[in-house]
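Chemist: Coordinates only, no sequence provided:
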């Protein structure tokens, strides 16, 4: 069990991935930034997918930068914060090319 969150382009190719163990509550940071708490199912994702727009992903990245991007160090979360940032940035880059990105919450 765990949270395997994947972003896919319009052809179904995986373009972003984030993994959290079932006991790692840092996964809730990503769900919250994406405003996708309805896909959080405790020890894993809900197994459902949704589509995010450029605007939604820009908002998530802006919020991330406000909360974590100004040199604030949370040492036990550094790895998770980096993968969250990478996930959002990769999804945003794809959405800027294709207009949207599909995200699966497993």
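Modeler: The structure has been received and is ready for your questions. Just so you know, these numbers come straight off a predicted model, no measurement behind them. Numbers count the residues shown, from 1 in each chain.
Chemist: where in this protein is pLDDT low?
Modeler: 70-77 (pLDDT under 70).
Chemist: Distance from the chain centre to the longest helix that it contains, please.
Modeler: Secondary structure of the chain per DSSP state H: the longest helix is helix 78-98. From the chain centre to the centre of helix 78-98 is a distance of 7 Å (C-alpha atoms, centre = their mean, to the nearest Å).
Chemist: tell me which strands and helices that helix is in contact with?
Modeler: Here helix 78-98 touches strand 2-8, strand 14-21, helix 27-33, strand 48-53, helix 54-68, strand 100-105, going by 3 or more C-beta pairs under 8 Å, 6 or more residues apart in numbering; DSSP states H and E. Backbone N, C-alpha and C define where each C-beta goes, glycine included.
Chemist: Just the residues contacting that helix, thanks.
Modeler: Here helix 78-98 makes contact (C-beta atoms under 8 Å, 6 or more residues apart in numbering) with 5, 7, 9-10, 15-20, 24, 26, 29-30, 33-34, 52-54, 57-58, 60-61, 64, 68-69, 74, 101, 103.
Chemist: Can you add distance to residue 84 and mean neighbour count and give the helices and strands packed on helix 78-98 back as CSV?
Modeler: Listed next are those as CSV, based on distance: least, C-beta to C-beta, whole Å; neighbours: other C-beta atoms under 10 Å:
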stretch, distance to residue 84, mean neighbour count
strand 2-8, 10, 20
strand 14-21, 6, 17
helix 27-33, 5, 19
strand 48-53, 14, 15
helix 54-68, 7, 16
strand 100-105, 13, 21
